[in-house]
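In: attaching a predicted model along with its sequence, questions to come.
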Amino acid sequence: MNIMKFLKGMNNVSAKYIMESDPTKVTRKSIDWGKWSAIAACLCVAVVLTVIYLSQLQDDLPVVEETSVSGEMLADDSSSQMIEEQQKIYYEKCTAVSIQNMLQIPYVIDDAMVGEQVAYVHKSDKFDYEMTEELSEIELLSLNSFQNAGIYLVNTAGEYETVILCNIGEKGLYALAGEERPAFTVNVSDAKLQLPKAEIVGFYGKTAGTRTQLLDLSEQEMLDIVSEMENAENISLDQAANPNRHMYGCSISLILLDEERNQIGLSMTPFDDGFVGVSIGYENKNYWDQDSFIFLKSMELVNCIKEYAGWKAVAISDLNGSSKIVCRNSDMEYVLSDSERKWLITALAQATPVYVDTKCPFDVEVAFQLDDGSLLHGLWCNDSCRYLAVEGVMYLLSEENYQMFIQIIQNMEDSSI
Amino acid sequence: MDDKQIIELFWQRSEEAISETAEKYGRYCYCIANNVLRNNGDSEECVNDSYMRLWNSIPTKRPAVFKAFLGKIVRNLSLDRYEQRNAQKRGAGQIDLVMDELEECIPANNDTEDIIDSMVLADVMNSFLESLPTLHRKIFMRRYWYFSSVKEIARDYGMSGSNVKTSLYRSRKKLEIILREEGYYL
């Protein structure tokens, strides 16, 4: 039976089942605005406790390199984010669907996505919102699951909007400037991609199985990537056809703000033959000619994307040296027993590696602590698709091993009760 | 205004019927459409089309549960629109995830397809839903009727996402067994 036919056939189930599960009738968690003042008062204590907790966690684990990817995972909120939040920061609304897609921002914001208060903001002439030290009716809140992505929520009288960090904007300069940049010049039929005069809101990166992260790049590093993009050859879709190419499981996205304050997003996915697929999102469709997808050819750009996205090919033998494996989901954390750890390494050796990105709703983090102290970052899709991603490589578990891993997740949940 | 009064307005061919429906159930309709289509413009159009379909259906019908009747129209039109839009390519909304999940428990095309009409399937599904514990049934319906995300369901029922997925997995396995028993797999 066709699944769509099945779904349509389900339309005729009894009305009582439709009504009892009505999503608009469920009592949802409401936000207690009165608690914010208490939270603010407790913030200092929370920060101190977090530092203590992280110190203890570090003591428990072998020494970890500061630059390790999973250091971010175990430490959760990065300290760099906290530092940024103490500076004067501007934010831009993100309402363009294509940009939201690129950054995987949810379209509809509900209470479950609302995190903790970050700051008060007010509307700004030059930017959409500006952080303020004064009490304001507009609150900036974290967006759950986007803690390190520079994507936040603004709450104005109960109405939520997603906003993105615009940390270069405070300099009041266009990072991409110069007379050679007319107001808008991008044309997919040009031999080279030319970006418009614009501010760089940020670069976002992800590897298969990891969450979208705001990349911590200097302005010069950002301009270097733009330079690689603009020096690459723009190849027509026909000429770029290559059935034998393979996609690397990573991507980086560049978000720009042009002179007319329109957001422009360019999401770049590298391939092993030196091509980069660029998906272009925009607020104003009239800006762009023809399609919104182009191919750029540049091995330098491919390598640049892989480096900044943090992609690395993980050989299964690397995982053999895992001395500790930790699963984490929301507030639950579970250290695999020795037998579970050995089983998982064997299961991964039996799994099929796939070097592609997917849209799986990964929700369980898996950290592999290696003997040399380094950590490998993994994510498990607990949605019956059987994928466990480790540093950009997707491992498709067998049905039997999938069931075993489900049991580990169950153990994690049981242990948290 | 209660549902009976709204239905009466439809019977009187008063355009106020649509505005009252939109005011009372607009959010509900949009929620269903947007879960399928994940596009504001498409969802709004679909909801408006649903009001017109409702206008053309009442009279002659007089639905016993108006909200569910409206929900079915929205869901059906949303799935139709999804099919038209995604004839070539799968998108990234909940519906794709739902279809992936159901792939393992719904039998592939076979000769029995022609003899199964949707009413027979509805009977089977009603029996299946009746056999589920209330919470698992609600979770199943939220996921596969309303196409809510796992996170939304987890939030609404105060559960972890993993527990919701486990519940869905077990329900799907049970559905697979029932479909086998009913001869959907040959």
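Out: Sure thing, it's come through. Note that the structure is predicted; figures quoted are calculated from it, not measured.
In: residue A:268 touches residue A:280, doesn't it?
Out: No. Assessed by C-beta atoms under 8 Å, residue A:268 is found out of contact with residue A:280, at 10.0 Å. Placement of C-beta: from N, CA and C, glycine included.
In: which one's more surrounded, these two?
Out: Legend: neighbour count by other C-beta atoms under 10 Å in any protein chain shown for residue A:268 and residue A:280, higher for residue A:268 (25 against 19).
In: what about that one, which SS state?
Out: Assigned by DSSP: H, G, I helix; E, B strand; the rest coil, the conformation of residue A:268 is strand.
In: so what's it up against?
Out: A:229, A:251, A:252, A:253, A:254, A:276, A:277, A:278, A:296, A:301, A:305 (C-beta atoms under 8 Å, 6 or more residues apart in numbering or on different chains).
In: tell me the centre residue of the chain?
Out: Because you didn't say which chain, this covers chain A. Centroid check for chain A by C-alpha atoms, centre = their mean gives residue A:212 as the closest residue, at 1.2 Å.
In: my question was about chain B, not that one.
Out: For chain B, the residue nearest the mean C-alpha position is residue B:145 (3.3 Å; C-alpha atoms, centre = their mean).
In: against chain A, how distant is that residue?
Out: 6 Å (C-beta to the nearest C-beta, to the nearest Å).
In: that residue against residue A:20, yeah?
Out: No. Look at residue B:145 against residue A:20 with C-beta under 8 Å: they stay out of range, at 10.8 Å.
In: next, count neighbours for the residue of the stretch 51-200 of chain A found nearest chain B.
Out: Ranked by C-beta to the nearest C-beta, the top residue of the stretch 51-200 of chain A for proximity to chain B is residue A:112, at 3.5 Å. If you count neighbours by other C-beta under 10 Å, residue A:112 ends up with 17.
In: over to residue B:97?
Out: Count around residue B:97 with other C-beta under 10 Å applied: 20.
In: which of the helices or strands spans it?
Out: helix B:94-103 (DSSP states H and E).
In: packing partners of that helix?
Out: Helix B:94-103 makes packing contacts with helix A:3-9, helix B:16-37, helix B:134-144, helix B:161-181 when contacts are defined by 3 or more C-beta pairs under 8 Å, 6 or more residues apart in numbering or on different chains; DSSP states H and E.
In: the last one near chain A anywhere?
Out: To tie it back to what came earlier, the one meant is helix B:161-181. Yes. Counting by C-beta under 8 Å from any C-beta of the partner chain, chain A is contacted by helix B:161-181 at B:161, B:162, B:163, B:165, B:166, B:169, B:172.
In: tell me the angle the lowest-mean-pLDDT helix or strand in chain B makes with helix B:161-181.
Out: Using mean pLDDT, DSSP states H and E, the weakest-scoring helix or strand in chain B turns out to be helix B:94-103, at a mean of 76. Put simply, helix B:94-103 runs at 50 degrees to helix B:161-181, going by axes from the mean of the first three to the mean of the last three C-alpha atoms, to 10 degrees.
In: returning to that earlier point: and the residue of the stretch 51-200 of chain A closest to chain B, how far is that from residue A:270?
Out: 34 Å (C-beta to C-beta, to the nearest Å).
In: residue A:261 now?
Out: Taken as C-beta to C-beta, the span from residue A:261 to residue A:270 is 30 Å.
In: check residue A:341 too.
Out: Distance of residue A:341 to residue A:270, given as C-beta to C-beta: 33 Å.
In: the more surrounded of those two?
Out: Neighbours were counted for residue A:341 and for residue A:270 using other C-beta under 10 Å; residue A:270 has more, 26 against 19.
In: my guess is residue B:174 meets residue B:128, correct?
Out: Yes. Judged on C-beta under 8 Å, residue B:174 makes contact with residue B:128 at a distance of 7.1 Å.
In: what about those two, which has more around it?
Out: Between residue B:174 and residue B:128, residue B:128 has the larger neighbour count (other C-beta under 10 Å), namely 19 against 16.
In: which neighbouring elements make contact with the helix or strand where the more buried one lies?
Out: In the assignment (DSSP H and E), residue B:128 maps to helix B:118-131. When contacts are defined as 3+ C-beta pairs under 8 Å, 6+ apart, helix B:118-131 packs onto helix A:3-9, helix B:134-144, helix B:161-181.
In: one more pass at 10 Å, please.
Out: Other helices and strands packing on helix B:118-131, by 3 or more C-beta pairs under 10 Å, 6 or more residues apart in numbering or on different chains; DSSP states H and E, are helix A:3-9, helix A:15-20, helix B:134-144, helix B:161-181.
In: of those helices, flag the one that's most buried.
Out: Stretch with highest mean neighbour count among those: helix B:134-144 (a mean of 21; mean count of other C-beta atoms under 10 Å in any protein chain shown).
In: pLDDT on it, on average?
Out: The average pLDDT within helix B:134-144 is 90.
In: with adjacent residues omitted, what lies nearest to residue A:254?
Out: The spatial neighbour of residue A:254 that comes closest, neighbours along the chain excluded (C-beta to C-beta, 6 or more residues apart in numbering or on different chains), is residue A:266 at 4.7 Å.
In: tell me which residues are up against the least confident helix or strand of chain B.
Out: Applying C-beta atoms under 10 Å, 6 or more residues apart in numbering or on different chains, the contact partners of helix B:94-103 are A:1-4, A:6-7, A:10, A:359-361, A:383-385, B:34-38, B:78-79, B:82-83, B:86, B:90, B:106, B:143-150, B:152, B:165, B:168-169, B:172, B:175-176.
In: wait, residue A:221 touches residue A:215, no?
Out: Yes. Taking C-beta atoms under 10 Å as the definition, residue A:221 is a contact partner of residue A:215 at 8.5 Å.
In: shared neighbours, these two?
Out: A:203, A:308.
In: so for these two, which residue has more residues nearby?
Out: residue A:215 (20 against 14).
In: now stretch A:107-120: buried residues?
Out: By neighbour count, with 16 or more other C-beta atoms under 10 Å in any protein chain shown as the criterion, the buried positions of stretch A:107-120 are A:109, A:110, A:112, A:113, A:114, A:117, A:118, A:119, A:120.
In: same question, stretch A:222-242
Out: By 16+ other C-beta under 10 Å, the buried positions in stretch A:222-242 come out as A:222, A:225, A:226, A:228, A:229, A:230, A:232, A:234, A:235, A:240.
In: which residues in the stretch 51-200 of chain A form strands?
Out: Secondary structure of the stretch 51-200 of chain A, counting by DSSP state E, counting those that start in this stretch: strands at A:90-93, A:114-123, A:129-132, A:138-143, A:151-156, A:159-165, A:198-207.
In: that should have said the stretch 201-350 of chain A, apologies.
Out: Along the stretch 201-350 of chain A, counting by DSSP E, counting those that start in this stretch, strands occupy A:213-214, A:233-235, A:250-258, A:263-270, A:275-282, A:293-297, A:322-329, A:332-335.
In: surely residue A:363 touches residue A:412?
Out: No. Applying C-beta under 10 Å as the test, residue A:363 and residue A:412 come out as separate, 11.8 Å apart.
In: which residues are common contacts for those two?
Out: What both residue A:363 and residue A:412 touch, as defined by C-beta under 10 Å, 6+ apart, is the set A:329, B:160, B:162.
In: show the contacting residues for the residue lying closest to residue A:105 once chain neighbours are set aside.
Out: Leaving aside its sequence neighbours, residue A:105 sits nearest to residue A:162 (C-beta to C-beta, 6+ apart; 5.2 Å). Going by C-beta under 10 Å, 6+ apart, residue A:162 touches A:91-95, A:99-100, A:103, A:105-107, A:109, A:113, A:143, A:146, A:151-154.
In: now list the buried members of those residues.
Out: Buried among these (16+ other C-beta under 10 Å): A:91-92, A:94-95, A:99-100, A:103, A:105-106, A:109, A:113, A:143, A:146, A:151-154.
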